[in-house]
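# model this:
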Amino acid sequence: MNLPAGPKTPNWLLNQQFQADPFGYMDAVYKRYGDIVTIMSDSTPIVHVSNSSGIKQIFTNTKEIIARGALNSNFAGGTGNQGVLQLDGFRHKHRRKLLMQAFHGERMQACGRRICELTEKIMSQQAIGKPFIAYPTIEDITLRVGIEVVMGLREGERYDKIKHLFASIMKYQQSPLYEIVTQLPFGQRDLGQWSPRGYMLHLQRELFQLLYAEVEERREQADPSRTDILSDLIFAHDETGESLSNEEVRDLLLSPIFAAQDASGTAIAWSLYWIHHLPGVRERLLEELDCLGEDPDPISIVALPYLSAVCNEVLRIYPTQLFTFPRLVESPVNVMGYELSPGTVLLGNIYLTHQREDLYPEPKQFKPERFLEKQFSPYEFLPFGGGARTCIGGAFALFEMKLVLATILSRYQLGLVDKRPEKPKFGGLICYPASGVKMLMQSRRQHQGQSQPLVVSSI
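Numbering: from 1, shown residues only. As a prediction, the model looks like this:
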């Protein structure tokens, strides 16, 4: 087998280096080995590609290179055995189509209004003059949006429990204790609710039970006028003409909600950091937003060119996932001059592709203008992955990102509490801001940039 070169460091040590400083680690590997690198995982070669032509080969060669659902089995605990990540072939394509139809057409207009309302409702709870952590605040918004869009739930005891469990799972997965313990030899064993892995499984089982109960109840009271994803799935038929089982419907709900909460929330938190770290970016954004008037239509907001460029630049520097979902070489294939044998796993390295100087001059600098000056191919700019495994909620995540940011910037004067650069921390698939982006609510902002006087709350 003609494999590209790569580090000979033991896998456990590479994992530690990656966890400690993911971007520094990847930058160093790229500098030494170039844009195609082999990382051995036990006896399986995993080839990382950060070259746009190589990534195009991975996405478009669906004969020798297959996006097997079995390669995503690590996520099954959180997304279900019949979730869209675990499916293959026609069944995978059919379920993706069912899920994605909710993110297009007339629904988006009503959904856009609701995103703005929720953002205003939650942000208005922040006290003037008091610091707050942006990341959990934004994740509260995106989780509420996700549950509403996917399940059609807005309130009630079950809504509260489902929301609490989704938030608890994400928070626990990102906790230092869970990250450390689960990397130890016995850290992945279920030793009951008092063990980190056991407690995580307990939370997931509770969530699965609640979701199943909602699916069962909604099927009994089927209402064809409802416009949420859950209703779509209840009335849908599979490739044989049969209705989807309650278990499959439940599993298909999980990925879109997690994606709406975590990917969107992380991207918006990073956006708030960059926009307030670079005052010129904020000023230009406000000029563009103010031109739309006091109560702009959501579709007009998402069409704004500079807002779009800012969101794209955030997703370039900190993509919602660092790697594409894995592909498996099933018959001998040539990728970038290397003859790869069956059994080789291929990963597109999204972060490193976005850091290429030949595509993005001064890649460490935040420059939204680059997206106004050039249109990038889906193999050069791929924050949501690509090919058959493109994130189903990618377009919606960008839609939500723009509306949340526009609502916050138009209505509030915020500032960063800490002027030091925000550092990324890797968790799951995503790099989120390590400190959460600590901000200060300075004042409410009136239209055309006139701010109300600052009223400092008592502490």
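# what about the most centrally placed residue in the chain, distance to residue 406?
Within the chain, one residue has its C-alpha closest to the average C-alpha position: by CA atoms, centre = their mean, that is residue 263, at 2.1 Å. Residue 263 is 19 Å from residue 406, where distance means CB to CB, to the nearest Å. Glycine gets a C-beta too; all of them are placed from N, C-alpha and C.
# before we move on, back to that, list the contacts of the closest residue to the residue nearest to the centre of the chain other than its chain neighbours.
Once flanking residues are discounted, residue 263 sits nearest to residue 320: 4.0 Å by CB to CB, 6 or more residues apart in numbering. Residues near residue 320 by CB atoms under 8 Å, 6 or more residues apart in numbering: 263, 264, 266, 267, 383, 384, 391, 394, 397, 429, 430.
# ok so residue 320 is a strand residue?
No. Per DSSP: H, G, I helix; E, B strand; the rest coil, residue 320 lies outside any strand segment and is coil.
# mind checking the backbone torsions on residue 37?
Main-chain dihedrals, residue 37, degrees, to the nearest 10: phi -140, psi 140.
# Ignore what I typed, I meant residue 415.
Per degrees, to the nearest 10, the backbone of residue 415 is at phi -140, psi 150.
# my read: it touches residue 440, true?
Yes. Contact criterion CB atoms under 8 Å: residue 415 and residue 440 qualify, at 4.8 Å.
# buried set for stretch 235-245?
236, 244 (16 or more other CB atoms under 10 Å).
# Please shift the residue numbers so they start at 17 in all later answers.
Done: numbering now begins at 17, and the last item shifts to stretch 251-261.
# Just the terminal-to-terminal distance for it.
11 Å (CA to CA, to the nearest Å).
# chain center to it, what's the gap?
29 Å (CA atoms, centre = their mean, to the nearest Å).
# try stretch 449-458
19 Å.
# how far away is residue 238 from residue 272?
Distance from residue 238 to residue 272, by CB to CB: 20 Å.
# State the phi and psi torsions of the closest residue to residue 403 other than its chain neighbours.
Leaving out its chain neighbours, the residue that sits closest to residue 403 by CB to CB, 6+ apart is residue 75, at 3.4 Å. For residue 75, the backbone dihedrals (degrees, to the nearest 10) come out as phi -80, psi -30.
# What is the neighbour count of residue 75?
Residues near residue 75, counting by other CB atoms under 10 Å, number 22.
# Quick check: it touching residue 393?
No. Taking contacts as CB under 8 Å, residue 75 lies outside contact range of residue 393: 10.8 Å.
# residues in contact with stretch 36-55?
19-23, 27, 30, 33-34, 61-67, 70, 338, 351-352, 354, 365, 367-368, 371-372, 440, 442, 447.
# Flag every buried residue along stretch 447-463.
Buried residues in stretch 447-463 (16+ other CB under 10 Å): 447-449, 452-461.
# what about the stretch 367-475 of the chain, any weak spots by pLDDT?
444-445, 463-475 (pLDDT under 70).
# any chance you could map the helices in it?
With DSSP state H, counting those that start in this stretch as the criterion, the stretch 367-475 of the chain has helices at 386-389, 410-427.
# closest one to residue 178 among the ones you listed?
helix 410-427 (18.9 Å; CB to CB).
# Any buried residues in the closest one, and which?
For helix 410-427, by 16+ other CB under 10 Å, it's 410, 412-427.
# Okay, strands next: where are they in the chain?
Using DSSP state E, the strands of the chain run over 52-57, 60-65, 81-82, 147-149, 343-345, 349-351, 354-356, 361-364, 428-432, 440-443, 446-449, 454-460.
# Just name the most buried of those strands.
Compared across the strands of the chain, strand 361-364 shows the largest average neighbour count, a mean of 23 (mean count of other CB atoms under 10 Å).
# Just the mean pLDDT for it, thanks.
Mean pLDDT, strand 361-364: 96.
# And for it, what's in contact with it?
57, 60-66, 70-71, 74-75, 81, 87, 339-340, 342-345, 351, 356, 398, 401-402.
# who's in contact with the residue nearest to the centre of the chain?
Neighbour list for residue 279: 336, 337, 400, 407, 409, 413, 446 [criterion: CB under 8 Å, 6+ apart].
# and the two most separated of these?
409 and 446 (13.4 Å).
# more crowded one of residue 238 and residue 272?
More crowded of residue 238 and residue 272, by other CB under 10 Å: residue 272, with 25 against 10.
# residue contacts, that one?
Residue 272 neighbours (CB under 8 Å, 6+ apart): 115, 162, 165, 166, 245, 408, 409.
# mind redoing it with 10 Å?
Taking CB atoms under 10 Å, 6 or more residues apart in numbering, we find residue 272 in contact with 95, 99-100, 115-116, 118-119, 162, 165-167, 245, 407-409, 412.
# which of the contacts of residue 336 lies closest to residue 360?
residue 445 (21.4 Å).
# Next one: residue 154, what pLDDT does it get?
96.
# got the contact list for it?
135, 138-139, 277, 280-288, 417, 420-421, 424, 452-453.
# what about residue 268, distance to residue 28?
Residue 268 is 35 Å from residue 28, by CB to CB.
# Residue 316 against residue 132, yeah?
No. With contact defined as CB atoms under 10 Å, residue 316 does not count as touching residue 132 (12.0 Å).
# ok so, going back, for the strands of the chain, which one sits closest to residue 263?
Across these, residue 263 has its closest neighbour in strand 81-82 (25.5 Å, CB to CB).
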